[in-house]
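Asker: Below is the sequence, then the predicted model.
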Amino acid sequence: RSAEPLGFNHRPTTAGDELSAAPSRYLTREERWMSQRLDHFSPTDHRQFKQRYFEFLDYHDDPTGPVFLRICGESSCDGLPNDYLAVIAKKFGAAVVTPEHRYYGKSSPFDSLTTDNLRFLSSKQALFDLAVFRQHYQEKLNSQYNRSAGFDNPWFVFGVSYSGALSAWFRLKFPQLTCGSLASSGVVLAVYNFTDFDKQVGVSAGPECKAALQEITRLVDEQLRSDSHSVKALFGADSLKNDGDFLFLLADAAATTV
């Protein structure tokens, strides 16, 4: 988790070279924590878990200014990225916060992901996590700025792909908690066998690259049947036991690159 990938323009910095160094990939990686309810829909289950989140207040030049809620999706959330949202936050004087999605990174309620434990992993639970977090953080801001408990900053929600769907659904489900949302490529219509995604990868890559990707897939399939360990070792994944996970790794690497 601590090993960060290097950007294309990365080069080692030396003393006196700070001005030419690339900007940090993160606005902050300082972890903060809150207690989150495990099951928002049970009147009797009061169990809680620790949910990790991050905050960045450097651009929040007005205590009454907006708060940008960045929704983390189905992966570990290890900080607030220094990306387009940082540019917008600086322009509008906004605070930026992001809670980690339940069951990912350090925000898993259970050590063991059994089927029974996984029953609390759903988009509905995640939406209520966001609502509880929003209220928790608003109270934190009010306390920090010595304001009355009823004060509300304007909140705007951001998400991409699955978290984009959460962003749209959050606006619909809790219109009183946000003034708007941005749902980039929000997957609000789930497709069970979404082959069109891979077809588009082939179209975008062009005939020559598409043929190369298909040939790689054929060779990997063939090698997995005869000696799965050796082909996984070529990609540094020899400890990965599940062949399906390995194939997903290869397919996703090619697709996201395109």
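Answerer: Yes, it's here.

Asker: Which of the helices or strands spans V157?
Answerer: Secondary structure from DSSP states H and E places V157 in strand 155-160.

Asker: Okay, now the sheet partners of that strand, with direction.
Answerer: strand 67-70 (parallel), strand 180-184 (parallel) (DSSP bridges).

Asker: Contacts made by the longest one with the rest, please.
Answerer: Yep, that's strand 180-184 we're talking about. 156-161, 164-165, 167-168, 170-171 (Cβ atoms under 8 Å, 6 or more residues apart in numbering). (Glycine included, C-beta is placed from N, CA and C.)

Asker: Quick check on these: which are buried?
Answerer: 156-160, 164-165, 167-168, 170-171 (16 or more other Cβ atoms under 10 Å).

Asker: Would you agree S35 falls within a strand?
Answerer: Yes - S35 forms part of a strand when assessed by DSSP: H, G, I helix; E, B strand; the rest coil.

Asker: count of neighbours near it?
Answerer: Neighbour count for S35, taken as other Cβ atoms under 10 Å: 10.

Asker: I'd like the distance between it and Q51.
Answerer: Counting by Cβ to Cβ, to the nearest Å, the separation of S35 from Q51 is 8 Å.

Asker: if we can go back for a sec, in TSV, list the buried ones among the contacts of strand 180-184 along with distance to F246 and pLDDT.
Answerer: Compiled in TSV, the buried ones among the contacts of strand 180-184 are given as follows (distance: Cβ to Cβ, whole Å; pLDDT from 0 to 100):
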residue	distance to F246	pLDDT
F156	39	98
V157	35	98
F158	32	98
G159	29	97
V160	26	95
G164	28	97
A165	27	97
S167	32	98
A168	33	97
F170	35	98
R171	38	97
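
Asker: All good on my end, thank you.
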